[in-house]
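A.B. asks: Pasting the sequence and the predicted coordinates here, then a few questions.
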Amino acid sequence: MLPILVENVVYSHINNGLLEKKKKFIDHLNQEEINDFIENSGDSTETYSQFSTLHSEFLVLSKVPVKPRQKETTFSNDYRVIEGEENEYRILQYHFTYEKEGYQLEIGSDLSEVNDLTFIIRLFIIIVLVIILLVTFLADTVYIEYLLKPFYNIIDTKIRRVNEPETFDHTPIKAKSSDFMELDLVLNQMMDRIGELFKKEKQFISNVSHELLTPIALLKNKLENLLQNDSLDDNAVDKIASSLKTLDMLKKIINNLLLISRIENNQYTTEEEIHFYEIITDMQEDLQDRIEDKQIEFLNIMKHDFSFKGNKTLIHILIYNLITNAIKYNTPKGKITITDGFSDKHYFISIADSGIGMDPSQIGKIFSRFTRINSDQDGQGLGLTIADSIANFHHIEIKVTSVISEGTTFTLLFPETAKN
């Protein structure tokens, strides 16, 4: 806005100067001067009656017809040619009558200096504005970094470790702001509470493991001893065998739930070197009987022998559950294909079957506890839940694609490129 304000001030100043010149000219005007101006204006070689040596001003008086309601004084910017040189002028036009004759007086002032001044002011303001913006941005950035340094320390040392209560750092953050100190204090108190609850949950899991599994083992022993009694008829034997089967299923459910709980509570180490090709090759041999029972073609076409840091037992359970799931929901004489490779520099393992497949609504529920795709199949619906918990524990992403009656593919996408 400053160049516009400057321009208006300059035009106002020029207008006042032109009005003063007009007043002086009109005050001393007589018929002799009018005739002199009119005669000079009629000369074809003398377009303007008067102008300065540098063409910075000019004055023209000419006869014009008298028009009703015509403004006496107007200001405008226009280009005029004086002695072959064209310049822009601020022009005052004054209409008046003298002895019943109409006249028009034009007084012009050159605008070249004003335009140059306005351009310089605009350029100067733009440069100053850019400098101010840069300086302000740098100053604000540095100052904000200084002010928020304690907050960033809280994020790095506290908030990002809320999922690891055992390694949480309770050291107070150095900060001059009472707000950051209060935030640090609240976080420490919250993590103390979470750590306490975490310990109680671990203790609860341990107690559940002992209190539930021990009675199940005692009942199983008693029922097995009853089976040794020769006085039992076939109906009683069948009932006892059914009860033993129920106890085995209950024991398996409890063990699976305890496994999920331990995984979610980070009670396993992840420092073992895991070779996937070796795990899947050994697993193929272990499951060969089940594969042959359904006459399934098992194709292991992995091209890489990669290793990954994690918990070998859990990774074995993860892959075992996916492969057994592919066997369980496959069709007789179907196919299971194991492949691996890289996607966006991340290593992946793909387990594909030619089984019954799933629709999108089923895919969204398969990792929920006690969910089974086919009620005709045996199981408690915890296999994929365990697989999902193990994958999350190792920061592995599981992608599922499936087509009804064509098969399902589970892809394990690892968080970083594994070592060859």
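C.D. replies: Arrived safely, thanks for sending.
A.B. asks: which residues are in contact with stretch 307-318?
C.D. replies: Residues outside stretch 307-318 that contact it (Cβ atoms under 8 Å, 6 or more residues apart in numbering): 259, 263, 268-276, 279, 283, 347, 386-387, 390-391, 393-394, 396, 412, 414, 418-420. Using the backbone N, CA and C atoms, a C-beta is placed for each residue, glycine as well.
A.B. asks: Can you list the buried residues in it?
C.D. replies: 307-308, 310-311, 314-318 (16 or more other Cβ atoms under 10 Å).
A.B. asks: And the helices in the stretch 251-400 of the chain?
C.D. replies: 276-286, 288-293, 312-328, 360-363, 383-393 (DSSP state H, counting those that start in this stretch).
A.B. asks: helices and strands around the longest helix along the chain, which ones?
C.D. replies: In the chain, assigned by DSSP state H, the helix with the most residues is helix 178-227. With contacts taken as 3 or more Cβ pairs under 8 Å, 6 or more residues apart in numbering; DSSP states H and E, helix 178-227 sits against helix 112-157, helix 234-264.
A.B. asks: Where does pLDDT dip in the stretch 1-150 of the chain?
C.D. replies: Scanning the stretch 1-150 of the chain for pLDDT under 70 picks out 39-55.
A.B. asks: mind listing the strands for it?
C.D. replies: 50-51, 57-63, 73-82, 85-98, 101-110 (DSSP state E, counting those that start in this stretch).
A.B. asks: if we can go back for a sec, distance to Ile144 and mean pLDDT added to the helices of the stretch 251-400 of the chain, as TSV?
C.D. replies: Compiled in TSV, the helices of the stretch 251-400 of the chain are given as follows (distance: least, Cβ to Cβ, whole Å; pLDDT from 0 to 100):
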stretch	distance to Ile144	mean pLDDT
helix 276-286	47	89
helix 288-293	62	90
helix 312-328	44	91
helix 360-363	45	84
helix 383-393	36	88
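A.B. asks: Out of those, which is closest to Glu211?
C.D. replies: helix 383-393 (22.1 Å; Cβ to Cβ).
A.B. asks: Would you mind listing the buried residues in the closest one?
C.D. replies: So, applying 16+ other Cβ under 10 Å, buried residues of helix 383-393: 383-391, 393.
A.B. asks: Alpha carbons of it, as CSV, please.
C.D. replies: What follows is helix 383-393 as a C-alpha-only set of coordinates in CSV (Å, rounded to 0.1, in the frame of the first residue of the first chain):
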residue,chain,number,x,y,z
GLY,A,383,-4.7,-69.3,15.2
LEU,A,384,-4.9,-66.1,13.1
THR,A,385,-5.3,-64.0,16.2
ILE,A,386,-2.0,-65.4,17.5
ALA,A,387,-0.4,-64.9,14.1
ASP,A,388,-1.5,-61.2,14.1
SER,A,389,-0.2,-60.7,17.6
ILE,A,390,3.2,-62.1,16.7
ALA,A,391,3.3,-60.0,13.5
ASN,A,392,2.6,-56.8,15.5
PHE,A,393,5.2,-57.8,18.1
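A.B. asks: Return the most buried member of the helices and strands packed on helix 178-227.
C.D. replies: helix 234-264 (a mean of 14; mean count of other Cβ atoms under 10 Å).
A.B. asks: Show me what that one is packed up against.
C.D. replies: Using 3+ Cβ pairs under 8 Å, 6+ apart: helix 234-264 touches helix 178-227, helix 383-393.
A.B. asks: isn't Lys399 right up against Thr408?
C.D. replies: No - if you go by Cβ atoms under 8 Å, Lys399 and Thr408 don't touch, sitting 11.2 Å apart.
A.B. asks: Those two: which is more packed in?
C.D. replies: Thr408 (26 against 12; other Cβ atoms under 10 Å).
A.B. asks: what helix or strand is the more buried one on?
C.D. replies: strand 407-413 (DSSP states H and E).
A.B. asks: what are the pairing partners of that strand, and which direction each?
C.D. replies: strand 346-353 (antiparallel), strand 397-403 (antiparallel) (DSSP bridges).
A.B. asks: Of the ones you listed, flag the one that's most buried.
C.D. replies: strand 346-353 (a mean of 20).
A.B. asks: Show the average pLDDT along that one.
C.D. replies: Strand 346-353 carries an average pLDDT of 92.
A.B. asks: so who does Ile280 touch?
C.D. replies: Contacts of Ile280 by Cβ under 8 Å, 6+ apart are 300, 302, 319, 323, 338, 349.
A.B. asks: I should have written Thr281 there, sorry.
C.D. replies: By Cβ under 8 Å, 6+ apart, the neighbours of Thr281 are Asn300.
A.B. asks: Make residue 1 into 107 and carry on from there
C.D. replies: With 107 as the first residue, the last one maps to Thr387.
A.B. asks: any idea how far Pro466 is from it?
C.D. replies: Distance, Thr387 to Pro466, by Cβ to Cβ, to the nearest Å: 34 Å.
A.B. asks: what's the answer for Lys351, then?
C.D. replies: 35 Å.
A.B. asks: Equivalent analysis for Tyr204, please.
C.D. replies: Tyr204 is 96 Å from Pro466, by Cβ to Cβ.
A.B. asks: These two: which is more packed in?
C.D. replies: Tyr204 (12 against 7).
A.B. asks: Look up which residues are beta-bridged to the more buried one.
C.D. replies: Glu207.
A.B. asks: Does it touch Glu138 like I think?
C.D. replies: No - if you go by Cβ under 8 Å, Tyr204 and Glu138 don't touch, sitting 11.9 Å apart.
A.B. asks: Run through the residues that contact Gly513.
C.D. replies: Gly513 touches 436, 440, 458-461, 463, counting by Cβ under 8 Å, 6+ apart.
A.B. asks: Now distance to Ile120 too, for the residues you listed, in CSV please.
C.D. replies: Shown next, in CSV, are these (distance: Cβ to Cβ, whole Å):
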residue, distance to Ile120
Asn436, 94
Gly440, 95
Ala458, 86
Asp459, 90
Ser460, 91
Gly461, 91
Gly463, 86
